[in-house]
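Q: The following comprises the amino acid sequence and a computationally predicted model.
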Amino acid sequence: MDPAISASKAVPLKKIAKSLRNEFYSAPLVRRRIEKVKRTSGLLPPFMITSSGSSGSHLLGILLDSHPQIAVGPEVYLLNKREIYGDYAVFQENLSQWLSTGLTTAGPEQDKRFVFDTEKYGWDRRLLPILAQRTSSIREFLDVFFGYFLLLRKKQMWGEKLPGNVNCISEFLAAYPEGKIIHLVRDGRDVAASFAKRHIPLAKAAEIWLYANTVALQWQDDPRFLLVRYEDLVNIPDETLQTIQKHLGVPCEDLVTLRAKNAYWHQIIRSENENIHQSWQHNPLLSPISASAVGSYHKKLTEGEMAAFCQFSIHDSEFSFPPHCAQTVGKLMKELDYL
């Protein structure tokens, strides 16, 4: 047989097989999940954890996931993409392509990854375009995606941790006016020292830190926004976690102790695919919460590097910063009482 003819027949067969799989398995499965989530009562408004990179969001996510009502899974790279919050018909039309090609995050901490680790949320990525077609808004899509995760975990509130979430605070709160934001801030010099271990240049670290925090602090007067310091999280974890739980409106639990029993994250951390930095000195589940990284910049940055970091200005960046924000890293560090 002519290879060209054979190849031309192979494509329609694949399409037929996909269509049959969707008709007899995938579509009914998605429909049942939508119905199951909609029948569920008692689910609580969600929240986002925002930060610059290397600010402790992974530790905070694991601690909050240890709460009996809260589920925080691995970074899914979904809520940080502005395109998902626009015209829902555009989302429905383009989701399959975006799942293949990725979407670039706004701001200097750019990342094209899009919708990762869905199996840890109980989803096959191939089901998501079907879910999009059977929902009528991004909120309904997220309600089902994360709602099914809550059903699997027997919990009532979902949260999502990802530094890039800071780019979409306004979009998230438009979709969930009753939602909450927890913004985690860390001394920028320690962030720069951590970034250096990943070979991220000092100027880029300064740009990422200044951008993430100036964007987030636009919301500091909104009652849905809570500013949390990494230094407080590791130095006075019990008090800090109680403040966060009160902000979220859930009963206060001893999350420092509960994390040792967090079977979900124990299983994930054993996975070779989990994003646990190899340079970490402490397992975020088993080791005592350590403050050893606070002030690490003293040993890892020179005086000249610290000065250059603090001098970085919004005018040194190609990205648009919020109006009336701190013009330099040093200025914002002073406003946050780090200098």
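A: Great, that's in hand. Fair warning: this is a prediction, and the values are worked out from it, not measured in the lab. Numbers count the residues shown, from 1 in each chain.
Q: I'd like to know how far Leu44 sits from Ala206.
A: For Leu44, the distance to Ala206 equals 37 Å [C-beta to C-beta, to the nearest Å]. Every C-beta, even on glycine, is put in place using the N, C-alpha and C of the backbone.
Q: Give me the more crowded residue out of these two.
A: Between Leu44 and Ala206, Ala206 has the larger neighbour count (other C-beta atoms under 10 Å), namely 27 against 17.
Q: secondary structure class for Pro45?
A: Secondary structure, DSSP: H, G, I helix; E, B strand; the rest coil: Pro45 is coil.
Q: Please look at it and Phe172 and confirm they touch.
A: No. Contact criterion C-beta atoms under 8 Å: Pro45 and Phe172 do not qualify, at 11.1 Å.
Q: Name the residues contacting each of the two.
A: Gly179 (C-beta atoms under 8 Å, 6 or more residues apart in numbering).
Q: more crowded one of those two?
A: The neighbour comparison of Pro45 against Phe172 (other C-beta under 10 Å) goes to Phe172, with 26 against 15.
Q: wait, is that one part of a helix?
A: Yes. Assessed by three-state DSSP, Phe172 belongs to a helix.
Q: Which parts of the chain are strands?
A: For the chain, the strands defined by DSSP state E cover 47-51, 70-72, 157-161, 180-185, 225-229.
Q: so can I have CSV of these showing mean neighbour count, mean pLDDT and distance to Val37?
A: Listed next are the strands of the chain as CSV, based on neighbours: other C-beta atoms under 10 Å; pLDDT from 0 to 100; distance: least, C-beta to C-beta, whole Å:
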stretch, mean neighbour count, mean pLDDT, distance to Val37
strand 47-51, 27, 98, 18
strand 70-72, 25, 98, 14
strand 157-161, 24, 98, 12
strand 180-185, 24, 98, 21
strand 225-229, 19, 98, 27
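Q: Make JSON lines from the ones you listed and add distance to Leu255 to it.
A: Formatted as JSON lines, the strands of the chain follow (distance: least, C-beta to C-beta, whole Å):
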{"stretch": "strand 47-51", "distance to Leu255": "14"}
{"stretch": "strand 70-72", "distance to Leu255": "9"}
{"stretch": "strand 157-161", "distance to Leu255": "13"}
{"stretch": "strand 180-185", "distance to Leu255": "13"}
{"stretch": "strand 225-229", "distance to Leu255": "13"}
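Q: can I assume Ile62 is in contact with Leu286?
A: No. Contact criterion C-beta under 8 Å: Ile62 and Leu286 do not qualify, at 10.9 Å.
Q: The two - which one has more neighbours?
A: Ile62 (21 against 10).
Q: Which residues are in contact with the more buried one?
A: If a contact means C-beta under 8 Å, 6+ apart, then Ile62 has 72, 259, 262, 265, 284-285 as its contacts.
Q: Disregarding flanking residues, what is the spatial nearest neighbour of the residue nearest to the spatial centre of the chain?
A: Residue closest to the average C-alpha location in the chain (C-alpha atoms, centre = their mean): Leu162, at 2.3 Å. Counting by C-beta to C-beta, 6 or more residues apart in numbering, Leu162 lies nearest to Glu75, which is 4.7 Å off, once chain neighbours are set aside.
Q: low-scoring stretches of the stretch 201-339 of the chain, by residue?
A: 272-282 (pLDDT under 70).
Q: 90 instead, please
A: Applying pLDDT under 90 to the stretch 201-339 of the chain flags residues 260, 266-288.
Q: Can you tell me how far the residue nearest to Leu162 is from Val256?
A: Distance, Glu75 to Val256, using C-beta to C-beta: 22 Å.
Q: Compare these two (neighbour count), which wins?
A: Neighbours were counted for Glu75 and for Val256 using other C-beta under 10 Å; Glu75 has more, 22 against 14.
Q: which phi and psi does that one have?
A: Note on Glu75: backbone dihedrals following degrees, to the nearest 10 are phi -60, psi 120.
Q: For it, list the residues it contacts.
A: 116-117, 160-162, 275.
Q: quick revisit: roughly how far does the residue nearest to Leu162 sit from Leu227?
A: 21 Å.
Q: And Lys155, by the same measure?
A: Here the criterion is C-beta to C-beta. By it, Lys155 lies 25 Å from Leu227.
Q: ok, now Leu210?
A: Counting by C-beta to C-beta, the gap from Leu210 to Leu227 is 16 Å.
Q: Thr50 now?
A: 10 Å.
Q: Identify the contacts common to those two.
A: Common neighbours of Thr50 and Leu227 are listed as 183, 216 (criterion: C-beta under 8 Å, 6+ apart).
Q: follow-up on the earlier one: just put the contacts of Ile62 in CSV and tack on distance to Trp123.
A: Below are these laid out as CSV (distance: C-beta to C-beta, whole Å):
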residue, distance to Trp123
Val72, 16
Arg259, 25
Asn262, 21
Trp265, 18
Pro284, 24
Leu285, 24
